[in-house]
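Student: Got a sequence here, can you build the structure:
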Amino acid sequence: MKFLLQEPSEEHVRPTLKPEERLLLAVVESAYWDLLSPDPLRRRTARLYFLDEDDNHTFSFISICQHFNWSPASIRSQLNTLLSVDGAPGSAHAC
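Tutor: Predicted coordinates for the structure are as follows:
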């Protein structure tokens, strides 16, 4: 996964993000790195974050996806191995 906050290259210019949007991206990026953590509690918390369907909280995965017009299903599909219980780092069934 590319860093969500990295600076754009010269040939690709993206719109300037507002500070609150940078915060939303940082929340998702932090959850992604927690999926890769050796700590099982952090991995479980991150997994639940990405799989939660609740959109009642500003920083929920679904709310952030709605804000940026992202497809939660598409992102979950890309994170499929990390979101599966057996795909957790350190698992005997990890690919």
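Student: List the buried residues of the least confident helix or strand in the chain by mean pLDDT.
Tutor: Using mean pLDDT, DSSP states H and E, helix 80-83 stands out as the lowest-scoring helix or strand of the chain, at a mean of 93. Within helix 80-83, the residues scored as buried using 16 or more other C-beta atoms under 10 Å are Leu82, Leu83. Bear in mind the C-beta positions are built from the backbone N, C-alpha and C, glycine included.
Student: got a pLDDT number for the nearest residue in space to Asn56 that is not next to it in sequence?
Tutor: Ranked by C-beta to C-beta, 6 or more residues apart in numbering and with sequence neighbours excluded, the top spatial neighbour of Asn56 is Ser63, at 7.9 Å. Ser63 carries a pLDDT value of 97.
Student: So which elements touch the least confident helix or strand of the chain?
Tutor: Helix 80-83 makes packing contacts with helix 40-51 when contacts are defined by 3 or more C-beta pairs under 8 Å, 6 or more residues apart in numbering; DSSP states H and E.
Student: pLDDT of the helix it packs on, averaged?
Tutor: Averaging pLDDT residue by residue across helix 40-51 gives 97.
Student: contact partners of that helix?
Tutor: Outside helix 40-51, the residues within contact range by C-beta atoms under 8 Å, 6 or more residues apart in numbering are 31-32, 34-37, 60-61, 75-76, 79, 82-83, 85, 88-90.
Student: Just the buried ones from those, in ChimeraX syntax?
Tutor: Selection of buried members from the contacts of helix 40-51 for ChimeraX, criterion 16+ other C-beta under 10 Å:
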select :31,32,34,35,37,60,61,75,79,82,83,88
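Student: Just the contacts of helix 40-51: which are in helices?
Tutor: Assigned to helices by DSSP state H, the following of these qualify: Ala31, Tyr32, Asp34, Leu35, Phe61, Ile75, Arg76, Leu82, Leu83.
Student: Would you reformat those as JSON lines and include distance to Asp55?
Tutor: What follows is those, written out as JSON lines (distance: C-beta to C-beta, whole Å):
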{"residue": "Ala31", "distance to Asp55": "16"}
{"residue": "Tyr32", "distance to Asp55": "19"}
{"residue": "Asp34", "distance to Asp55": "20"}
{"residue": "Leu35", "distance to Asp55": "20"}
{"residue": "Phe61", "distance to Asp55": "9"}
{"residue": "Ile75", "distance to Asp55": "15"}
{"residue": "Arg76", "distance to Asp55": "15"}
{"residue": "Leu82", "distance to Asp55": "22"}
{"residue": "Leu83", "distance to Asp55": "18"}
